[in-house]
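Colleague: The sequence and its predicted three-dimensional model are supplied below.
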Amino acid sequence: MIFNIEVKDAGSGARAGRIITDHGQIETPIFMPVGTAGTVKAVHQRELENDIGAQIILGNTYHLFMRPGLDLVEKCGGIHQFNGWKGPVLTDSGGYQVYSLADNRKISEEGVRFQSHIDGSRHFFTPENVMDIQRVIGADIIMAFDECTPYPCEYDYAKSSMEMTHRWLKRCVDRFNETEPKYGYLQTLFPIIQGSVYPDLRKKSAEVIASFEMDGNAIGGLSVGEPAEMMYEMTEEVTKIMPADKPRYLMGVGTPENILESIAMGIDMFDCVMPTRNARNGMLFTSEGIINIRNEKWKDDLSPIDTNLDNYASNFYSKAYLRHLIISKEILGAQIASLHNLAFYLWLVKEARNQIKSGNFVNWKNNMVKRVKQRI
């Protein structure tokens, strides 16, 4: 993987860059639609590519391991051949999903024993076999196995968990270096910074992660319930330490406002289920603010969802029609809303990139933050 920074913003930490993988290029800052089980919910691959301009999507190690299972993915020749997405793919290691199974898992130095949420079967993830699993899945960017601590979290637990995550990282890197990609293209491993909301732990974790000199680095364990200002504080602490010449990935973030503020701190990559999950419940993110399409006020509104976005879902359908579909629980409503929200998120990061390149990012960001967080 190659990462080039094309422009740095003079008034902030924002930068416009380009990641080059064997499955194509990614212009940063970038938002990555979440396709947990090999699919972005309610959205065709051709729509992701052609209608909304997605450049990279996510899969999840835990969910793909559980269903459909590694045998089928390997038989197909990897995730790209299985789901038909030809661009880059990133897989989360499953650490967050294991964290969410708090009542059905046991963490030890060796790894994590857990029960499947599907059938209760028992499994064991270690740093080594998580690398092996992600080799089989075949993502372009794979994530180190870590423990994601909850919020709030006691200092002593956050510290011991972080230190174990660092030991696990050494095992991940060793296994990654002693194995080869399975399908004829290169894979890249990103370590993950942890440390909960404690600045000293975050700094220490960033230093340890940077010392491994991998091709990219991630920030995990945020957007798990802590106040937004605390998330920004932790992000700012670690971006001072993370290598400036490597892509920086803030995992699981977040709202449009979160993304804009984090771009200003020097973050390059984002993912979140919010645009698709909220879409299915009738919440739309637009260039003018947040719309609850279920509200009565949209019942007779024949205007398009968002004319500032150049895509079919946002321009063709009226608010009144989409409201009708959502209220009626028609599947098409979830599809249109999901396409629109993803289109908006991708428009937002693309526009941020354009503003960085034009030298007007800070003014644009400050105005846009006010707009995207208001409810209309």
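Modeller: Perfect, thanks for sending it. Residues are numbered from 1 along each chain as shown.

Colleague: When you work out contacts or count neighbours from here on, use the C-alpha atoms and nothing else.
Modeller: Noted.

Colleague: show me where the stretch 151-300 of the chain has helices.
Modeller: Under the criterion DSSP state H, counting those that start in this stretch, the stretch 151-300 of the chain carries helices at the ranges 155-178, 199-211, 228-239, 256-264, 274-280.

Colleague: what's the spacing between the second one and its chain's center?
Modeller: When you say that, I think you mean helix 199-211. 21 Å (CA atoms, centre = their mean, to the nearest Å).

Colleague: And the third one, by the same measure?
Modeller: Counting by CA atoms, centre = their mean, helix 228-239 is centred 17 Å from the centre of its parent chain.

Colleague: what's it packed up against?
Modeller: Where contact means 3 or more CA pairs under 8 Å, 6 or more residues apart in numbering; DSSP states H and E, helix 228-239 is packed against helix 199-211, helix 256-264.

Colleague: hey, which of these is tucked in deepest?
Modeller: helix 256-264 (a mean of 22; mean count of other CA atoms under 10 Å).

Colleague: can you list the residues that contact that one?
Modeller: Outside helix 256-264, the residues within contact range by CA atoms under 8 Å, 6 or more residues apart in numbering are 12-15, 29, 228, 232, 235, 253, 270, 345, 348-349, 352, 362, 365, 369, 372-373.

Colleague: any weak-confidence spans in this protein?
Modeller: Residues of the chain meeting the criterion pLDDT under 70: 99.

Colleague: Break the protein into its domains for me.
Modeller: For the chain, the structural domains run 2-271, 279-369, going by automatic domain parsing.

Colleague: ends of stretch 300-315, how far apart?
Modeller: Taking CA to CA, to the nearest Å, stretch 300-315 runs 17 Å from one end to the other.

Colleague: Strands of the stretch 251-376 of the chain, start to end?
Modeller: Taking DSSP state E, counting those that start in this stretch as the criterion, the stretch 251-376 of the chain carries its strands at 269-271, 283-286, 289-292.

Colleague: Surely P304 touches Y321?
Modeller: No - taking contacts as CA atoms under 8 Å, P304 lies outside contact range of Y321: 9.5 Å.

Colleague: higher neighbour count, the two?
Modeller: Taking neighbours as other CA atoms under 10 Å, P304 and Y321 compare with Y321 leading, 20 against 17.

Colleague: give the contact list for the more buried one.
Modeller: L302.

Colleague: Stretch 251-268: how far from the chain's middle?
Modeller: Distance, stretch centre to chain centre, for stretch 251-268: 11 Å (CA atoms, centre = their mean).
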